[in-house]
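**Q** just to be clear, the model below is a prediction. Sequence and coordinates:
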Amino acid sequence: MLRLVGILVTVLFAIATAVLTWPAFFHVERVFPIAQLAALRGVLVVAFALVTIVFLLLAIARPLRGFALSMALVSAIGAIAGGVVLGVRGYGTESLPDATATSVRVMTWNTAGNAMGAAEIAETAVAMDVDIVALPETSEEVGEQVAVAMRDMGSPMWVHHVALRPDIADGPQAWVTTVLISPDLGDYSVIEASTDLTSNTEVVPSVVAMPVDGVGPTVVAVHAVSPQPEYMDQWVDDLQWIADQCAGGDVILAGDFNATLDNMAGLGVDGGDLGACVDAAASTGNGAVGTWPTDIPALLSTPIDHVMHSASWTATGSLVLTNLDDAGSDHRPLVVQLEPAG
């Protein structure tokens, strides 16, 4: 009887390991609670490794040997498979390539409102020499303060934003998403469907900015709702909406997607990770470096902030800034360098 129980437990553990390691295979990558657990791939790798060690120690006892070795084998496979996936996406790089005359640098940073102050955001953006700054949870006022500070440091920016409830003067800053775009990229305007929210993410807003003269990339500053149990349907809809923004053409997506590449499985088209867009961090060696939360090591936290691009661009480098973990936000900034394709 105990032998049968041991076999049953091992089989159930193997199924759970497979689901958490390859959620897309089972089509549960956006199903609660698998979506949340699978997003913690770094934590899962460590957990599976620890379970392996525990069962190897238990295997010393002869009555438990068969069961313990079976459990250790399953958990070891889970740890190795998860580690390989993270390794393919990239455990991190230390610098960006030198900027060229044609390169565009994009930074995204969920600033948690004005938790660290406009000066910190501006100094970081100028130090990284960025052309586009996506700032979820940043009010228009703070965005303008950032732009003024950047102008004073020699890097002028135009400020665009979308507010969920513009009629409420002091609403939560999560109700606003701001994007800064360098004048070097030309004049931009926010499309009306984005401003009036007829086409937008559902709970917190995103910004769709297009070049006035039609020359240059469409810039989408993304903020999807987090996959809390009560918002799962809206979260799924948000990811589909974001994918639809990159159906093709010249597009750059940047912001807080509240989703990992595992959660996005099945939403890519024509070789893209989300719509026709490709994740720049994963293609340049930083796809496994977590951007949230900042109070645990980057390789254990979750990469939910992304810069993605259509086939009009090639990512040549990326960098997750881990030296600002105490700045005030619970997100790390991500900076990506893009070059025109071809």
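**A** Okay, I see it. Residues are numbered from 1 along each chain as shown.
**Q** burial measure for residue 43, as a count.
**A** Counted with other Cβ atoms under 10 Å, the neighbours of residue 43 add up to 17. Quick note: C-beta positions are derived from backbone N, CA and C, even for glycine.
**Q** can you tell me how far it is from residue 106?
**A** 28 Å (Cβ to Cβ, to the nearest Å).
**Q** check residue 142 too.
**A** Applying Cβ to Cβ, the value for residue 142 to residue 106 is 19 Å.
**Q** the more surrounded of these two?
**A** Using other Cβ under 10 Å, the more surrounded residue of residue 142 and residue 106 is residue 106, with 27 against 22.
**Q** quick one: that one is in a strand?
**A** Yes: assessed with DSSP: H, G, I helix; E, B strand; the rest coil, residue 106 lies in a strand.
**Q** show the pLDDT at the closest residue to it other than its chain neighbours.
**A** Leaving aside its sequence neighbours, residue 106 sits nearest to residue 132 (Cβ to Cβ, 6 or more residues apart in numbering; 4.5 Å). Looking at residue 132, its pLDDT stands at 98.
**Q** contacts only, for residue 132.
**A** 104, 105, 106, 107, 179, 180, 181, 182, 185, 219, 252, 254 (Cβ atoms under 8 Å, 6 or more residues apart in numbering).
**Q** I'd say the fourth one and residue 334 touch.
**A** Right, residue 107. Yes: assessed by Cβ atoms under 8 Å, residue 107 is found in contact with residue 334 at 7.0 Å.
**Q** buried set for stretch 303-321?
**A** 303-321 (16 or more other Cβ atoms under 10 Å).
**Q** next one: it to chain centre, how far?
**A** Here stretch 303-321 is found 10 Å from its chain centre; the criterion is Cα atoms, centre = their mean, to the nearest Å.
**Q** ends of that stretch, how far apart?
**A** From its first residue to its last, stretch 303-321 covers 12 Å (Cα to Cα, to the nearest Å).
**Q** could you number the chain from 635 rather than 1 from now on?
**A** From this message on, residue numbering opens at 635, which makes the last subject stretch 937-955.
**Q** my guess is residue 886 is in a strand, correct?
**A** Yes: using three-state DSSP, the assignment for residue 886 is a strand.
**Q** any idea how far the nearest residue to it once chain neighbours are set aside is from residue 766?
**A** Of all residues not flanking residue 886 in the chain, residue 851 sits nearest, at 4.7 Å (Cβ to Cβ, 6+ apart). The gap separating residue 851 from residue 766 is 9 Å, by Cβ to Cβ.
**Q** cool, residue 948 as well?
**A** Where residue 766 is concerned, residue 948 sits at a distance of 16 Å (Cβ to Cβ).
**Q** look at residue 947 and report its pLDDT.
**A** You'll see residue 947 listed with a pLDDT of 98.
**Q** next one: phi and psi at it?
**A** phi -130, psi 160 (degrees, to the nearest 10).
**Q** ditto for residue 945
**A** phi -70, psi -10.
**Q** burial of the nearest residue to it once chain neighbours are set aside, as a residue count?
**A** Leaving aside its chain neighbours, residue 945 sits nearest to residue 975 (6.0 Å; criterion: Cβ to Cβ, 6+ apart). Residues near residue 975, counting by other Cβ under 10 Å, number 11.
**Q** next up, the contacts around residue 975.
**A** The contact partners of residue 975, taken as Cβ under 8 Å, 6+ apart, are 945, 946, 947, 948.
**Q** so in terms of bridging, what pairs with the residue nearest to residue 740?
**A** Beta-bridge pairing of residue 766 under DSSP bridges involves residue 740, residue 815.
**Q** residue 940 now?
**A** Beta-bridge pairing for residue 940 (DSSP bridges): residue 889.
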